[in-house]
Structure formats: C-alpha cells, structure tokens
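# Need coordinates for the below:
(2 chains)
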There are 2 protein chains.
Amino acid sequence: MLKEGDVVAGVDVGGTTVKIGFFSPEGRMLHAFEIVTRTEDAGAYILPDIAEAIKRELPVCGKTYEDLKGIGLDVPGPVDSAGTIYRAVNIGWGVFSIKEEMEKLTNVPVAAGNDATVAALGEVWKGCAKDCDDFLLLTLGTGIGGGIVTGGKILTGATGAGGEIGHFCLEEIDEACTCGCRGCFEQFCSATGFVRITRKLLSETNEVSILREAPIDSKEIFAAAAKGDALANEAIHLYGHYLGKGIAVLCSILNPEVVALGGGVSKAGEQLIDLLRPSFEAHVFHACRDVSFRIATLGNDAGMYGSAKLILDLISN
Amino acid sequence: MLKEGDVVAGVDVGGTTVKIGFFSPEGRMLHAFEIVTRTEDAGAYILPDIAEAIKRELPVCGKTYEDLKGIGLDVPGPVDSAGTIYRAVNIGWGVFSIKEEMEKLTNVPVAAGNDATVAALGEVWKGCAKDCDDFLLLTLGTGIGGGIVTGGKILTGATGAGGEIGHFCLEEIDEACTCGCRGCFEQFCSATGFVRITRKLLSETNEVSILREAPIDSKEIFAAAAKGDALANEAIHLYGHYLGKGIAVLCSILNPEVVALGGGVSKAGEQLIDLLRPSFEAHVFHACRDVSFRIATLGNDAGMYGSAKLILDLISN
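I've put the predicted structure just below:
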C-alpha cells in the first residue's frame, strides 16, 4: 500500500525529448523536467538515461530513492499489457520488454503503455473527463493518435495496437496512406489530412482564395475561414464532415460517454466541435449518440499524468 | 468463495423462448431447458417466469435452492455494467434494473448483459477461443450482432451499446438501414444484407442465374455458387469483400487476437473465411493484421454459457 510521502514517476518518451514528472499518490505533480532522447545505437541509452535522471532529480522535490514506489512510461509505439514494445521506429526500438529492462535498471515496479493510450488515461484521471469510465481521446496532429478507455481500463489489444484509431478505412481513395492502405481516417482528419483535403478542394476549382499562397497548415485554414475566405470555409466544413463521420464509426462500436479532441487541430476549440457535430449525428448509431464532446486539457503533460496513473493502478492492485 | 456442488444459472432471454442452463463453477452444463417468453403486458412475466422455472428445475440435476449461488442473464438489448437495460423492443421491456428486479425475485446475486456480448464471453470461456483475452464475435443473422472482449472483460460501453457492431458506416449508400442511417455494416453483411447486395447484382445485369427464381436466402446463394452459377459466385465474393473490409475496420480499432463468426451465414464455414481474407488483408492496419479467424462453436448455447460466466466472474471477485 502507498503512504503519504511516497512518489511515482510518470515518463513520456518522445522522439526528441523525454518528459519526466514526479507525482504524489493522489496525483499532484511535484516536479517535472525534460531530458534529450538519445536515439543513437537503436535507442540503447534511452532507458539508462531515464533511470539516471530520476535518481538525480528526486531530491529536487525533497524525495529520496526509497520514496520512489514505481515508474510508468509511455512510448511512441504499440505496447502490450505485459509491457512489451512491438517496435518504436522514431526512437530506434525493436521488440523487447520495457517493463523487465527498466525494472532491472531501477529495482522498482514498472508499467509501460502506448503514448496516445496513456494520454487518454491521463485525461480521465486529471484532465477533461475526470472519472469517466468510457472515454475516447483523439489527438489530431501529423497523424491521428488515439486512446480508448473502456470500463475504466485502457484498451490495449492483443499486440498493443488497440486504440490506434488513425488507420481504419473511412472512405476508399486512390492515394495511399503512410501505412500502405487507401482511405484511412488519418488521411482525412489528421492535420496533414486536413491540408490534403483542402488542397484537393483548391485543385477542383479556380475560385479565388488566400490559401492559394502555399504552403498552408490547419491553423491558416481556420484563420482564412475566419477572414471570410469562402474556399477555406468550405474546407473547414468538409473537415468537420469527415471528422464527425469518423468519430461516429468509433462511437457506434465503442459507445463512449466522452470524446475528447487534442493535438494541433484541436486548438480550433469549440468551433471544431460545432463543425463535426452535424456529421456525427447523421452517422452515429442512435444508441451511441449521447456523447459529450470536449477539448483535451492536459496538453503535453497528458503522457506524464497517464504514465503515473498506469503505475499507480499496477501497484495499488 | 464457491465450493464443489454449488451451481449457477445461465439464462438466455430471446424473443420467443428463454434458454436456462445450470452450470458447475468449472463450467460443466448440468441441465438445460427452455420456457416460452411471455412478451404480453410489456414483458412483465418474463423475470417471474424465469425465477419460478429455476426453482422448479433445480432438483432435476440433483440440486437444491441453497446450492444456487447466482443467476446470469442475457437479453436482446443494451445493458450497462450495472445491469440496467435500455429498452428491449422484442420483449417489450423499457428502462429498468434487471439486476435489482431479479435479485428481489430470487434472493441470489444477479448479473445481466447484452445477448451478443455475453455470447462472446461464452465463446472465450468454453467455445472457439478458450482463454483468449482480446476477442471479437460477429453473429451474421437477420442483423449483425457483436460481442467484444478486451483485456479479458466484455466491452459494455457507457449505455450498454458497446460492441453493437452492426451500425458503423461501412460505405454510404442511398438506402436507409433499419436504424435510420445509410451504409451500415449490417446493410452489407447480415444475412439480409447479403441478399440485398445479391439482388442489386442481379438487377444490374441480364446474365442468366438460378437466383432469379426468388425468394433467395444466404444458404441458397452459397449453394448456387457451388453449382457453378457465375452470378452467385460473384455475389459470394462481393459479400466476402464487404465482410473483410468491415472486420478490418473493427480490427484496426480493437486489435483482437481471434475473430469468430457465428449466426446463419457462418454455416458456410471455412469457405467464408477464405472469401473475406483477401479484403481483410487489403484493408487492415498492419499492426492489427495477425488475427486468427474461427467459426463460433457454441451455437445457440453461447448465451447460456456466457451468462453463467458473467455471474461467476461477479461472485468470484
């Protein structure tokens, strides 16, 4: 059992930096810092660097190594429920047990999970959907990251790819996705997908638009629409159509209570929810329609919070 | 804790009959029988009839009421994790707690769930996918029923509609589904959907086919294809295309280890798996590709087995 004064580490391993936070058992963040992700030699230094940084920084928040009761880590790749990673291309990792390696290095219990999935756990613990047991998080960035919480637990899947929601077929198209399939949700609704469908709109007409001064990104498309650019306005409505339809597919299968949007495109805020809702309602199964849409609130800290919760759940059971 | 000689009841409530089985804690079926589902007066007699039948039949397998440690029920409608049903149109029920009502009637612990979801639990307990923690069951009948097991637990969703997999949008079409949406998985891949897409094929050509002697059903389409009917052969391949694509959507989100097919269309057996596999592989996210396809084995008993497991899980925790 955990007692007052105990601490756990929540670690978010990214392609460029590793974010490390120390948390009280109730989830108060005591101290957070970053180290560089050294991806050389197939990522061999990443876990030792994290272990060393944790030891070094604990005193900053008045803690000793004896106070440390466990470490949670999230990584950019599929991780199964036993803590085995199945390749994380960004950081050079192949297949191995993160849990075993890190426990050897630190002598404390370790839990590991996929970054987007763990971020969802963070949001239901301390973010936009506190205590929600049936939750879906979409992070709309370069790709679409996804995290599913069902019955209060993260959905991991057989090989850690559960909740990798960017690659179901939304509508078949000729252009191939980075994954090799044609018509993935991500090809329409990631930030990159948003630019793709906007460029396609531009190519289909000669209409005047400030978006013709390339390059464009999702922020500029929203800004142009706000300035009254008709084509940009059409683009954001088309984006809302695809996003609402994609979320309807997910909700018709998973029946969540809350759906949260994070990542770059979610900076559009409530406007994004207004844009997707008509299409969501047209496509969702009636029994799954009663969904509360939110914008994720933990931002870049979601991974640290979720990782801390992952290890707290493990050592509390 | 359960001891030798204890018994639980697994009850499968259908629109016409209620199937009741008595099970040992290890899952041996000791006795099974059916009663009529009395749907009059908004289904008011169904639970009292079940309670009485259980009391009456226990001695048939040498048990007393004191041996009965709990009752699991599945019903044709969404049931949340607390045992509340959200309308079951077939049997006249509105919204109420099945668990509370049945516990009042019987004085033993009760658990309740959706029929298709509970059938999936039966298949991972005693059927085609023993001990599989990440499992998907599709029952291809008049509609498509679905059950999802993830991390060893059934996926219930916020209002009991999790795993109702027949109503995500597979491809938008003009024709409306029974649910009101257009292009649901069920419109292509239920037994009814199979006949629909076959009739559409027939209407698009003048080619000779024995299927033109209406009415047709899925069994006849397979039989005609086996006899060398070219149009029937085209129809079963088209069905395989849609089924493979739909299952790919589900697997790309849920990452199951085993996918099982049940219901009327699944009587086509391994041929059905051969037909869907090319389309499945073309549409599935690579990280979710490693799926074992099976034909469900418990048939009409899946609900009784799953219901028994549902209550055993509850009283063992």
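# residue contacts, the residue positioned nearest the centre of chain A?
Nearest to the mean C-alpha position of chain A, by C-alpha atoms, centre = their mean, lies A:Ala116 at 2.9 Å. Contacts of A:Ala116 were listed using C-beta atoms under 8 Å, 6 or more residues apart in numbering or on different chains, and they are A:137, A:139, A:145-147, A:163-164. To be clear about C-beta, it is placed using only N, CA and C from the backbone, and glycine gets the same treatment.
# could I have the helix or strand where A:Ala111 lies exported to PDB, CA atoms only?
Assessed by DSSP states H and E, A:Ala111 sits inside strand A:110-114. Taking C-alpha atoms only, strand A:110-114 is exported to PDB below (Å, rounded to 0.1, in the frame of the first residue of the first chain):
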ATOM      1  CA  VAL A 110       7.500  -0.500 -13.900                       C
ATOM      2  CA  ALA A 111       4.400  -0.300 -16.200                       C
ATOM      3  CA  ALA A 112       4.500   0.700 -19.800                       C
ATOM      4  CA  GLY A 113       2.000   1.700 -22.500                       C
ATOM      5  CA  ASN A 114       1.400   3.400 -25.800                       C
END
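# following that strand, which helix or strand comes up?
Next in line after strand A:110-114, if elements are assigned by DSSP H and E, sits helix A:115-126.
# okay, the angle between that next one and strand A:110-114?
Here the directions of helix A:115-126 and strand A:110-114 differ by 110 degrees (axes from the mean of the first three to the mean of the last three C-alpha atoms, to 10 degrees).
# Pull out the buried positions in stretch A:234-249.
For stretch A:234-249, burial by neighbour count (16 or more other C-beta atoms under 10 Å in any protein chain shown) applies to A:234-236, A:238-249.
# Outside of it itself, list whatever touches it.
Against stretch A:234-249 from outside (C-beta under 8 Å, 6+ apart): A:136, A:138, A:140, A:168, A:170-171, A:185, A:188-189, A:193-194, A:197-198, A:201, A:211, A:221-222, A:225, A:259, A:272, A:274-285, B:168-169, B:249.
# Which of these fall within strands?
A:136, A:138, A:140, A:259 (DSSP state E).
# Switch the residues you listed over to TSV, and while doing so, append neighbour count and pLDDT to every line.
Shown next, in TSV, are these (neighbours: other C-beta atoms under 10 Å in any protein chain shown; pLDDT from 0 to 100):
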residue	neighbour count	pLDDT
A:Leu136	27	98
A:Leu138	28	97
A:Leu140	27	95
A:Val259	21	98
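# List just the nearest of those residues to B:Gly21.
Nearest to B:Gly21 among the ones in strands among the contacts of stretch A:234-249: A:Leu136, at 35.9 Å, using C-beta to C-beta.
# Please work out how many residues are found near A:Asp41.
Residues lying near A:Asp41 (other C-beta atoms under 10 Å in any protein chain shown) number 9.
# Tell me what the nearest residue to the residue nearest to the centre of chain A once chain neighbours are set aside is bridged to.
Leaving aside its sequence neighbours, A:Ala116 sits nearest to A:Gly145 (C-beta to C-beta, 6 or more residues apart in numbering or on different chains; 3.3 Å). Under the criterion DSSP bridges, A:Gly145 forms beta bridges with A:Thr139.
# if you look at the buried residues of stretch A:234-249, which of them are in helices?
Members of the buried residues of stretch A:234-249 lying in helices (criterion: DSSP state H): A:234-236, A:238-249.
# Taking those residues together, which two end up most distant?
A:Glu234 and A:Val249 (23.2 Å).
# quick one: secondary structure of A:Pro215?
Using DSSP: H, G, I helix; E, B strand; the rest coil, the three-state assignment for A:Pro215 comes out as coil.
# Check the spacing between it and A:Val195 real quick.
In this view, A:Pro215 and A:Val195 are 8 Å apart by C-beta to C-beta, to the nearest Å.
# per-residue pLDDT, A:Gly54?
Quick fix: residue A:54 is Ile, not Gly. According to the prediction, A:Ile54 has pLDDT 98.
# show me the contacts for it.
A:9, A:11, A:20, A:68, A:71, A:106.
# so when I look at it, I'm seeing a strand, right?
No. Looking at A:Ile54 with three-state DSSP, it is helix, so not inside a strand.
# Pretty sure the residue nearest to A:Ala116 sits against A:Leu138.
Yes. With contact defined as C-beta atoms under 8 Å, A:Gly145 reaches A:Leu138; the gap is 7.4 Å.
# overlap in contacts of those two?
What both A:Gly145 and A:Leu138 touch, as defined by C-beta under 8 Å, 6+ apart, is the set A:Gly263.
# which stretch of helix or strand covers A:Ala129?
Judged by DSSP H and E, A:Ala129 forms part of no helix or strand.
# ok, it - how many residues close by?
24.
# need the contact list for A:Val284.
A:247-248, A:251-252, A:291, B:181.
# at 7 Å what do you get?
A:248, A:251-252 (C-beta atoms under 7 Å, 6 or more residues apart in numbering or on different chains).
# cool, and A:Pro25?
A:2, A:6, A:312.
# Point out the least confident one among the residues you listed.
Ranking those by pLDDT, A:Leu2 lands last with 89.
# what's the burial count for the closest residue to A:Arg289 other than its chain neighbours?
Nearest residue to A:Arg289, sequence neighbours excluded (C-beta to C-beta, 6+ apart): A:Glu281, at 6.8 Å. By other C-beta under 10 Å, 13 other residues sit near A:Glu281.
# pLDDT averaged over the host helix or strand of A:Phe96, what's the number?
Using DSSP H and E, the element containing A:Phe96 is strand A:93-97. Taken as a whole, strand A:93-97 carries a mean pLDDT of 95.
# what are the C-alpha coordinates of stretch A:304-317, in PDB please?
C-alpha atoms of stretch A:304-317 as PDB (Å, rounded to 0.1, in the frame of the first residue of the first chain):
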ATOM      1  CA  MET A 304       3.300  12.100 -17.700                       C
ATOM      2  CA  TYR A 305      -0.100  12.100 -15.900                       C
ATOM      3  CA  GLY A 306      -1.300   8.900 -17.700                       C
ATOM      4  CA  SER A 307       2.000   7.100 -17.100                       C
ATOM      5  CA  ALA A 308       1.900   8.000 -13.400                       C
ATOM      6  CA  LYS A 309      -1.700   6.600 -13.200                       C
ATOM      7  CA  LEU A 310      -0.600   3.400 -15.100                       C
ATOM      8  CA  ILE A 311       2.000   2.600 -12.400                       C
ATOM      9  CA  LEU A 312      -0.300   3.600  -9.600                       C
ATOM     10  CA  ASP A 313      -3.000   1.300 -10.800                       C
ATOM     11  CA  LEU A 314      -0.500  -1.500 -11.000                       C
ATOM     12  CA  ILE A 315       1.000  -1.100  -7.600                       C
ATOM     13  CA  SER A 316      -2.400  -0.500  -5.900                       C
ATOM     14  CA  ASN A 317      -3.800  -3.800  -7.100                       C
END
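# Report the angle between the helix or strand of chain A with the lowest mean pLDDT and strand A:110-114.
Lowest on mean pLDDT, DSSP states H and E among the helices and strands of chain A sits strand A:84-88, with a mean of 90. Here the directions of strand A:84-88 and strand A:110-114 differ by 40 degrees (the same axes, to 10 degrees).
# just the CA coordinates of strand A:84-88, formatted as CSV?
Coordinates of each C-alpha in strand A:84-88 appear next as CSV, following Å, rounded to 0.1, in the frame of the first residue of the first chain:
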residue,chain,number,x,y,z
THR,A,84,6.5,-5.5,-24.3
ILE,A,85,7.0,-2.9,-27.1
TYR,A,86,6.5,-4.0,-30.7
ARG,A,87,8.9,-1.6,-32.5
ALA,A,88,9.0,2.2,-32.0
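# quick check: angle from it to strand A:93-97?
180 degrees.
# quick one: strand A:84-88 to chain centroid distance?
Averaged C-alpha coordinates place strand A:84-88 at 17 Å from its chain's average position (C-alpha atoms, centre = their mean, to the nearest Å).
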